[in-house]
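my questions concern the predicted model and sequence given below.
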Amino acid sequence: MSSFVKSPVSEGALQSAGGWSEARVERLKALLALGLSARQIAQALGAVSRNAVIGKIHRLGLAGGGPPSAPGRRARPSARPGGRRKAPSLPPPPPSGGAPATATAAAAALA
């Protein structure tokens, strides 16, 4: 038995719940041609989300019809080659011959 089972939702109910009738698609195209954003189109159509508008625009192949955005600023090349420099390290302590420097200074002060 391969019979077609019709959905319990009628076509009119689908359109009123945010479906895409031919009239709504034509209105979408007209609003898009006026330069409205997806949010503004969704509000004008009613009962449809911004993401639904974006998806329909892409499925219809209408994406990319707007003017390109302005190019961003280019990063300046760094003045120093090789990126960041490491902080200079402290010089190594002098080799100690026995007594610590503080003890030597204290002994010299006593003499």
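Looks like it arrived, so ask away.

the chain: helices as residue ranges?
All helices of the chain, identified by DSSP state H, fall at 11-16, 22-33, 38-45, 50-59, 101-110.

looking at those helices, which has the lowest confidence?
Lowest mean pLDDT within the helices of the chain: helix 11-16, a mean of 46.

what is the neighbour count of Ala47?
By the criterion of other CB atoms under 10 Å, Ala47 has 12 neighbours. Every residue, glycine included, has its C-beta placed from N, CA and C.

just the one 3 residues further on next, same as before
Applying other CB under 10 Å, we find 14 residues neighbouring Arg50.

who's in contact with it?
Contact partners of Arg50, counting by CB atoms under 8 Å, 6 or more residues apart in numbering, are Ala38, Arg39, Ala42.

any quick ChimeraX command for the buried ones out of the residues you listed?
Applied in ChimeraX, the following selects the buried portion of the contacts of Arg50 according to 16 or more other CB atoms under 10 Å:
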select :38,42
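
isn't Arg24 right up against Ala44?
No. Counting by CB atoms under 8 Å, Arg24 sits too far from Ala44 to count as a contact (10.4 Å).

before we move on, back to that, from the contacts of Arg50, pick the one nearest Arg74.
Ala38 (29.7 Å; CB to CB).

how much space separates that closest one from Pro92?
Distance of Ala38 to Pro92, computed by CB to CB, to the nearest Å: 65 Å.

then Arg27?
79 Å.

between these two, who's got more neighbours?
Arg27 (14 against 6).
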